[in-house]
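In: Below are the sequence and a predicted model; questions follow.
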Amino acid sequence: MILLKSTTRHVHIYTAQIENNELIPSEQALTLDIDPDNELVWSEDALQKVYGKFDDLVESSSGVDLTEYNLRRIGSDLEYFVRAMLQNGEIGYNLDSRVLNYSMGLPQVVSKTID
C-alpha cells in the first residue's frame, strides 16, 4: 500500500500506524499529528476537541474511497477548526516556539486601560 497523507501547517494525517516511531502504511488506520512544530499552546480539553472533530469528519466520510483528495479535505477542515479555536481563545500561540509564525492571524492582545 502507498502511504497517503494530508499536511497543513498544524494538522498532519497519514494512512498509517506508528510502530517503533515509524509510519507503517495501513488501509485500516489513520494517524493524526496535531501541531507537529509546537507553534500553539494546547490544553488537554482542546486536544480532545480536535480529536473528536477528526473522528466526526472521518465518520462522515465513511463509505467514500480513501483518496489523497478526500484525506486533504479532512485535513483542511481540521485546520479551519484549529483556526477557529485560536480565534475563540481556546488555544494560543506558543511564544517560546523556535519560529514565531502567525499563520492564522496576529495574536490577540488585551489592552489595559488606565483609570
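Out: Received the coordinates, thanks.
In: tell me which element the nearest residue to Ser6 once chain neighbours are set aside is part of?
Out: Once flanking residues are discounted, Ser6 sits nearest to Gly75: 3.3 Å by C-beta to C-beta, 6 or more residues apart in numbering. For the C-beta atoms, the positions are set from N, CA and C on the backbone; glycine is no exception. Taking DSSP states H and E as the definition, one finds Gly75 inside helix 68-87.
In: mind listing what's buried in that helix?
Out: If you call a residue buried by 16 or more other C-beta atoms under 10 Å, then helix 68-87 has these buried ones: Leu71, Arg72, Ile74, Gly75, Asp77, Leu78, Glu79, Phe81, Val82, Arg83, Met85, Leu86.
In: And those, which is closest to Asn38?
Out: Val82 (13.4 Å; C-beta to C-beta).
In: Looking at that closest one now. What's its pLDDT?
Out: We note a pLDDT of 95 for Val82 in this prediction.
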